[in-house]
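K.L.:
Give me coordinates for this.
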Amino acid sequence: MNRLLVFILLLYVTSSVAQTATNSASSNNFTNTASWTSPSNLTGTANIQDGHTITIPANINQVYANKITFTGSGKLVLEGSTSKWVPATNLNGSPPAESFSFQTNWFANTVWVNEGFGAAHYTPWLDSNQGWSAGSTNNGTDYLQYDLKSPRWVQGIVTQGRANSAQWVTSAKVEVSADNVNWATAATSLTLNTDSNTKIYRNFTNVMYARYVRVIPIGVYGHASMRMGVLLRNDNLKSCNEIKTNFPNATDGVYVIDPDGTAGATVATACYCDMTTDGGGWTLVLNYLHLGNTNPALTEKTNALPLLGSTTLGVDEQGNATTWGHTTPAYLNKFNFTQLRFYAKTSLHNRVINFKTSHANTINYFKTGLGSMSGIATSYTALTGHTAYLPNSTAHYFTNQGNSSMTEFPFWLMGTYHWGIKGGGSRWEVDDFPGNFAYNTYHQIWIR
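P.N.:
Numbering: from 1, shown residues only. Sure, this is the predicted structure:
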């Protein structure tokens, strides 16, 4: 009878009112009416108790669990018409891997000689020039931890040894957590590396739901040293907005997205996601933090996105391969979006540009390089902190600027207020008209 009930619920129940209570993270006994959004471990038996309903929100397409049991009138409700229950032992044969080289993604409880992130003994990302080395040879408690920035379905890890020395982890325990408080064991002992540089891919027995993945060396060769990445169960999503929709608790940070999906020819890329402003889901596509009295070249990105670095006026990021640049129309056209967000500030005055728009002319201009932003003055929404005269005062627009459509004075008021990023060859302007590059400026454009 229970099996028949599971079948009927999973296939036919598609709507319910989402609740806010949470389940028991440690026991997997679901004793509250709950919205099943952040379970720490769904891989064993989920016991839904008498009189309680567990709701799977519509934005969660797949739930991985090996067994779901019901007591009395306990129910499982799927809000989405495409939502489904998948056995947690159903693994991806070619899982995407994530291993960013950004400090906010990593934590190590000990590091050899207490070096800071990015120093020789704390370069833990895959293919780094050295690796992470624990504070002791191997005490069974040292660990390296990766933060995915939002709970994801995780199915394993990939590891290397230390790049420049005969040191590697031969076996490890792996724990995972959705909240960095409640931890579940994903693997008690995974067999890992036998040399310094070969990537070893190891799956867990079950798919796990986790934001944090912690690797604790058990056996080592030479020293507890390693480089690591996380294997995800599902393919990368197409945008920051898709990530935010599927994982509402996602936080600001660097993610991997695939703008045209796995079936498309465009490769997956790293991006910076703002998951906070105006509901979040914004993908950064232009980022220029410019130092006054310099006039550096711009960077046109044809197959990558700029990432967020500093946000402080006066910091010089010119030429930084990671944070400096803007996407070309041909690359931007690979992305599906309906909104743009503009942000800019300068050391010349205190006004800030911060607005969003769904203006069709502007979106088409940035995607094609043809046309202009004509009409933006009456088609925008000011966001928190917006104090600029633009775009409301806009009366002039450069047209048909191709790869420079976002930088070469796309909207301005003659002799008064301008958006310019090396405009005219030397003018860096934010809601002003200095006509030069003397001031610190910061320009961003986001899509959603």
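
K.L.:
Quick one: low-confidence residue ranges for the stretch 51-200 of the chain.
P.N.:
Scanning the stretch 51-200 of the chain for pLDDT under 70 picks out the ranges 57-61.

K.L.:
Which residue ranges make up each domain of this protein?
P.N.:
Following automatic domain parsing, the chain resolves into domains at 2-86, 97-232, 240-447.

K.L.:
got the ones you listed as a markdown table, with mean neighbour count columns?
P.N.:
(Each C-beta comes from the backbone N, C-alpha and C, glycine too.) Listed next are those as a markdown table, based on neighbours: other CB atoms under 10 Å:
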| stretch | mean neighbour count |
| --- | --- |
| domain 2-86 | 17 |
| domain 97-232 | 20 |
| domain 240-447 | 19 |
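
K.L.:
tell me the secondary structure for Gly319?
P.N.:
Secondary structure, DSSP: H, G, I helix; E, B strand; the rest coil: Gly319 is coil.

K.L.:
Which residue is the nearest non-sequential neighbour of His359?
P.N.:
Spatial nearest neighbour of His359, excluding adjacent residues (CB to CB, 6 or more residues apart in numbering): Ser379 at 4.2 Å.

K.L.:
Find the nearest non-adjacent residue to the residue nearest the centre of the chain, please.
P.N.:
Of all residues in the chain, the one closest to the mean position by CA atoms, centre = their mean is Tyr255, 2.7 Å from it. Nearest residue to Tyr255, sequence neighbours excluded (CB to CB, 6+ apart): Cys273, at 5.3 Å.

K.L.:
Might one say that the one you found is in contact with Leu305?
P.N.:
No - if you go by CB atoms under 8 Å, Cys273 and Leu305 don't touch, sitting 10.2 Å apart.

K.L.:
what is in contact with those two at once?
P.N.:
Residues touching both Cys273 and Leu305 (CB atoms under 8 Å, 6 or more residues apart in numbering) are Thr283, Leu284.

K.L.:
From Ile353, how far off is the closest residue in space to Asn354 that isn't next to it in sequence?
P.N.:
Excluding the flanking residues, the one nearest Asn354 by CB to CB, 6+ apart is His386, at 4.2 Å. Between His386 and Ile353 the computed distance is 7 Å (CB to CB, to the nearest Å).

K.L.:
So what does Thr387 have for phi and psi?
P.N.:
phi -130, psi 10 (degrees, to the nearest 10).

K.L.:
Report pLDDT for the residue nearest to Tyr255.
P.N.:
Note on Cys273: pLDDT of 96.

K.L.:
ditto for Gly420
P.N.:
We have a pLDDT of 98 for Gly420.

K.L.:
Can you list the helices and strands that the strand or helix carrying it packs against?
P.N.:
Gly420 belongs to strand 417-423 when assigned by DSSP states H and E. Counting contacts by 3 or more CB pairs under 8 Å, 6 or more residues apart in numbering; DSSP states H and E, strand 417-423 packs against strand 282-290, strand 412-413, strand 427-432, strand 441-447.

K.L.:
CA-only coordinates of the third one in CSV, if you can.
P.N.:
It refers to strand 427-432. Taking Å, rounded to 0.1, in the frame of the first residue of the first chain, the C-alpha atoms of strand 427-432 are listed here in CSV:
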residue,chain,number,x,y,z
ARG,A,427,36.7,60.0,-21.0
TRP,A,428,35.6,58.0,-17.9
GLU,A,429,32.3,59.6,-16.8
VAL,A,430,29.5,58.8,-14.3
ASP,A,431,26.5,61.2,-14.4
ASP,A,432,28.9,64.1,-15.1
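
K.L.:
Tell me which stretches of the chain form helices.
P.N.:
Using DSSP state H, the helices found in the chain span residues 2-12, 240-246, 329-332, 360-368.

K.L.:
what's the single longest strand in the protein?
P.N.:
Secondary structure of the chain per DSSP state E: the longest strand is strand 200-221.

K.L.:
Quick check: which helices or strands does that strand pack against?
P.N.:
Helices and strands touching strand 200-221, as assessed by 3+ CB pairs under 8 Å, 6+ apart, comprise strand 62-64, strand 144-160, strand 168-177, strand 183-191, strand 225-232.

K.L.:
And the residue nearest to Thr89 when sequence neighbours are not counted, how far from Ile56?
P.N.:
In space, and not counting its chain neighbours, Thr89 is closest to Asn206: 6.0 Å by CB to CB, 6+ apart. Taking CB to CB as the measure, Asn206 falls 18 Å from Ile56.

K.L.:
and if you look at Val111?
P.N.:
To Ile56, Val111 is 40 Å away according to CB to CB.

K.L.:
do Glu429 as well
P.N.:
Following CB to CB, the distance that separates Glu429 from Ile56 is 50 Å.

K.L.:
returning to what we had before: quickly list what the residue nearest to Tyr255 is bridged to.
P.N.:
Gly253, Thr283 (DSSP bridges).

K.L.:
Please tell me the pLDDT value assigned to Asn2.
P.N.:
With respect to pLDDT, Asn2 has a value of 33.

K.L.:
Dump the C-alpha coordinates for stretch 315-327 into PDB.
P.N.:
Only the C-alpha atoms of stretch 315-327 are listed here, as PDB (Å, rounded to 0.1, in the frame of the first residue of the first chain):
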ATOM      1  CA  VAL A 315      41.500  50.500  -6.400                       C
ATOM      2  CA  ASP A 316      43.200  50.000  -9.800                       C
ATOM      3  CA  GLU A 317      42.000  46.800 -11.500                       C
ATOM      4  CA  GLN A 318      43.000  47.800 -15.000                       C
ATOM      5  CA  GLY A 319      44.000  44.800 -17.200                       C
ATOM      6  CA  ASN A 320      43.000  42.200 -14.600                       C
ATOM      7  CA  ALA A 321      42.200  39.200 -16.700                       C
ATOM      8  CA  THR A 322      39.500  38.100 -14.200                       C
ATOM      9  CA  THR A 323      37.700  41.200 -13.100                       C
ATOM     10  CA  TRP A 324      38.300  43.800 -15.900                       C
ATOM     11  CA  GLY A 325      36.200  43.800 -19.000                       C
ATOM     12  CA  HIS A 326      32.800  43.600 -20.800                       C
ATOM     13  CA  THR A 327      31.100  41.000 -23.000                       C
END
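
K.L.:
now what about that stretch, what contacts it?
P.N.:
285-291, 294, 296-302, 305-310, 406-407, 421, 445.

K.L.:
What mean pLDDT does that stretch get?
P.N.:
Here stretch 315-327 scores 96 as its mean pLDDT.

K.L.:
This completes my enquiry, with thanks.
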